[in-house]
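> let me see the structure of the following:
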Amino acid sequence: MKNTIYKYISSTCVLYTAVMLFNSLFNCFLTDSQSENNIFWQSTLLFLFAICVIQLISFGINRWDFKSNLTYHIVNYLSTFISSFLIFYFTGIIISFSMASLISYTISYTIIYLLLYYYFRQNYQLQADEINEMLKQYKEHL
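As a prediction, this is how the structure comes out:
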(Lines give C-alpha, C1' and ligand atoms only; values in the text may rest on other atoms or scores of the structure.)
Protein backbone atom coordinates (compact mmCIF):
# COMPACT_ATOMS: atom_id res chain seq x y z
CA MET A 1 0.00 0.00 0.00
CA LYS A 2 2.81 2.42 0.87
CA ASN A 3 4.50 1.77 -2.48
CA THR A 4 1.29 2.57 -4.32
CA ILE A 5 0.77 5.83 -2.46
CA TYR A 6 4.31 7.09 -3.01
CA LYS A 7 4.32 5.93 -6.61
CA TYR A 8 1.20 7.90 -7.54
CA ILE A 9 1.82 11.05 -5.49
CA SER A 10 4.58 12.21 -7.83
CA SER A 11 2.62 11.49 -11.01
CA THR A 12 -0.42 13.29 -9.56
CA CYS A 13 1.73 16.33 -8.79
CA VAL A 14 3.15 16.38 -12.31
CA LEU A 15 -0.30 16.16 -13.87
CA TYR A 16 -1.69 18.84 -11.59
CA THR A 17 1.22 21.13 -12.45
CA ALA A 18 0.72 20.60 -16.17
CA VAL A 19 -3.00 21.39 -15.92
CA MET A 20 -2.39 24.50 -13.79
CA LEU A 21 0.30 25.72 -16.20
CA PHE A 22 -2.00 25.25 -19.19
CA ASN A 23 -4.88 27.00 -17.37
CA SER A 24 -2.63 29.86 -16.31
CA LEU A 25 -1.32 30.51 -19.81
CA PHE A 26 -4.78 30.10 -21.35
CA ASN A 27 -6.48 32.44 -18.88
CA CYS A 28 -3.75 35.10 -18.97
CA PHE A 29 -4.41 35.58 -22.67
CA LEU A 30 -8.20 35.36 -22.56
CA THR A 31 -9.14 37.53 -19.57
CA ASP A 32 -9.06 41.26 -19.00
CA SER A 33 -5.62 42.34 -17.78
CA GLN A 34 -7.04 44.06 -14.68
CA SER A 35 -9.47 41.35 -13.61
CA GLU A 36 -8.97 39.40 -10.42
CA ASN A 37 -9.08 36.17 -12.40
CA ASN A 38 -6.09 37.25 -14.47
CA ILE A 39 -4.16 38.27 -11.35
CA PHE A 40 -4.79 34.78 -9.91
CA TRP A 41 -3.41 33.07 -13.01
CA GLN A 42 -0.43 35.45 -13.14
CA SER A 43 0.40 34.61 -9.52
CA THR A 44 0.18 30.92 -10.40
CA LEU A 45 2.78 31.47 -13.12
CA LEU A 46 4.88 33.44 -10.65
CA PHE A 47 4.84 30.51 -8.24
CA LEU A 48 5.93 28.25 -11.09
CA PHE A 49 8.82 30.65 -11.78
CA ALA A 50 9.81 30.62 -8.10
CA ILE A 51 9.72 26.82 -8.02
CA CYS A 52 11.92 26.65 -11.14
CA VAL A 53 14.45 29.03 -9.55
CA ILE A 54 14.47 26.96 -6.36
CA GLN A 55 14.97 23.77 -8.38
CA LEU A 56 17.90 25.33 -10.26
CA ILE A 57 19.52 26.39 -7.00
CA SER A 58 18.97 22.93 -5.52
CA PHE A 59 20.40 21.36 -8.67
CA GLY A 60 23.55 23.45 -8.27
CA ILE A 61 23.83 22.67 -4.57
CA ASN A 62 23.46 18.94 -5.25
CA ARG A 63 26.61 19.11 -7.37
CA TRP A 64 28.71 20.19 -4.36
CA ASP A 65 30.39 17.66 -2.14
CA PHE A 66 29.30 18.24 1.46
CA LYS A 67 30.98 16.61 4.45
CA SER A 68 27.69 15.99 6.23
CA ASN A 69 24.00 15.70 5.45
CA LEU A 70 23.21 18.44 7.98
CA THR A 71 25.50 20.92 6.19
CA TYR A 72 23.81 20.11 2.89
CA HIS A 73 20.35 20.76 4.33
CA ILE A 74 21.39 24.01 6.01
CA VAL A 75 22.92 25.38 2.80
CA ASN A 76 20.00 24.15 0.67
CA TYR A 77 17.39 25.54 3.05
CA LEU A 78 19.02 28.96 3.44
CA SER A 79 19.77 29.49 -0.25
CA THR A 80 16.32 28.45 -1.46
CA PHE A 81 14.60 30.32 1.37
CA ILE A 82 16.41 33.59 0.66
CA SER A 83 15.96 33.37 -3.11
CA SER A 84 12.25 32.54 -2.93
CA PHE A 85 11.64 35.24 -0.31
CA LEU A 86 13.32 37.83 -2.54
CA ILE A 87 11.33 36.71 -5.59
CA PHE A 88 8.05 37.01 -3.70
CA TYR A 89 9.06 40.32 -2.12
CA PHE A 90 10.12 42.03 -5.36
CA THR A 91 7.05 40.81 -7.23
CA GLY A 92 4.65 41.98 -4.54
CA ILE A 93 3.42 38.63 -3.24
CA ILE A 94 4.91 39.50 0.15
CA ILE A 95 3.58 43.00 0.67
CA SER A 96 6.02 44.37 3.22
CA PHE A 97 9.46 43.57 4.51
CA SER A 98 8.32 43.47 8.12
CA MET A 99 9.05 41.12 10.98
CA ALA A 100 5.53 39.65 10.78
CA SER A 101 5.85 38.80 7.08
CA LEU A 102 9.33 37.36 7.61
CA ILE A 103 8.15 35.18 10.52
CA SER A 104 5.05 33.91 8.71
CA TYR A 105 7.04 33.13 5.56
CA THR A 106 9.76 31.40 7.60
CA ILE A 107 7.22 29.20 9.39
CA SER A 108 5.38 28.21 6.23
CA TYR A 109 8.60 27.61 4.27
CA THR A 110 10.07 25.51 7.07
CA ILE A 111 6.96 23.35 7.29
CA ILE A 112 6.99 22.78 3.52
CA TYR A 113 10.73 22.00 3.56
CA LEU A 114 10.30 19.47 6.38
CA LEU A 115 7.33 17.81 4.69
CA LEU A 116 9.29 17.44 1.46
CA TYR A 117 12.28 16.08 3.37
CA TYR A 118 10.06 13.52 5.11
CA TYR A 119 8.37 12.53 1.82
CA PHE A 120 11.65 11.93 -0.01
CA ARG A 121 13.18 10.15 2.97
CA GLN A 122 10.21 7.77 3.14
CA ASN A 123 10.28 7.27 -0.62
CA TYR A 124 14.00 6.41 -0.62
CA GLN A 125 13.50 4.07 2.34
CA LEU A 126 10.75 2.23 0.46
CA GLN A 127 13.00 1.88 -2.57
CA ALA A 128 15.84 0.56 -0.40
CA ASP A 129 13.47 -1.93 1.25
CA GLU A 130 12.30 -3.16 -2.15
CA ILE A 131 15.88 -3.62 -3.36
CA ASN A 132 16.85 -5.43 -0.16
CA GLU A 133 13.83 -7.72 -0.49
CA MET A 134 14.74 -8.51 -4.10
CA LEU A 135 18.33 -9.26 -3.08
CA LYS A 136 17.11 -11.48 -0.26
CA GLN A 137 14.88 -13.44 -2.63
CA TYR A 138 17.71 -13.70 -5.14
CA LYS A 139 20.10 -15.09 -2.52
CA GLU A 140 17.49 -17.61 -1.36
CA HIS A 141 17.13 -18.98 -4.88
CA LEU A 142 20.87 -19.49 -5.35
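> so the spatially most central residue of the chain is in which element?
Closest to where the C-alpha atoms of the chain average out (C-alpha atoms, centre = their mean) is residue 51, at 6.4 Å. Assigned by DSSP states H and E, residue 51 belongs to helix 36-62.
> can you point out the buried residues in that helix?
By 16 or more other C-beta atoms under 10 Å, the buried positions in helix 36-62 come out as 38, 41-42, 44, 46-47, 50, 54, 57, 61. In this view, the C-beta of every residue, glycine as well, is placed from N, C-alpha and C.
> as TSV, these with distance to residue 120 and pLDDT would be great.
As requested, the buried residues of helix 36-62 are exported to TSV (distance: C-beta to C-beta, whole Å; pLDDT from 0 to 100):
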residue	distance to residue 120	pLDDT
38	35	63
41	30	69
42	30	72
44	24	75
46	25	80
47	20	78
50	20	82
54	15	84
57	17	88
61	15	89
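> which among those gets closest to residue 88?
residue 50 (6.7 Å; C-beta to C-beta).
> I figured the closest one hits residue 88, correct?
Yes: the pair residue 50 / residue 88 is scored as a contact, 6.7 Å apart, by C-beta atoms under 8 Å.
> show me what the helix holding residue 51 is packed up against.
Judged by 3 or more C-beta pairs under 8 Å, 6 or more residues apart in numbering; DSSP states H and E, helix 36-62 is in contact with helix 2-30, helix 69-90.
> so which residues make contact with the shortest one?
The list of residues contacting helix 69-90 from outside it, by C-beta atoms under 8 Å, 6 or more residues apart in numbering, reads 46, 49-50, 53-54, 57-58, 61, 64, 66, 94, 97, 102, 105-106, 109-110, 113, 117.
> tilt between it and helix 36-62?
Relative orientation of helix 69-90 versus helix 36-62 (axes from the mean of the first three to the mean of the last three C-alpha atoms, to 10 degrees): 150 degrees.
> what average pLDDT does helix 69-90 get?
The average pLDDT within helix 69-90 is 88.
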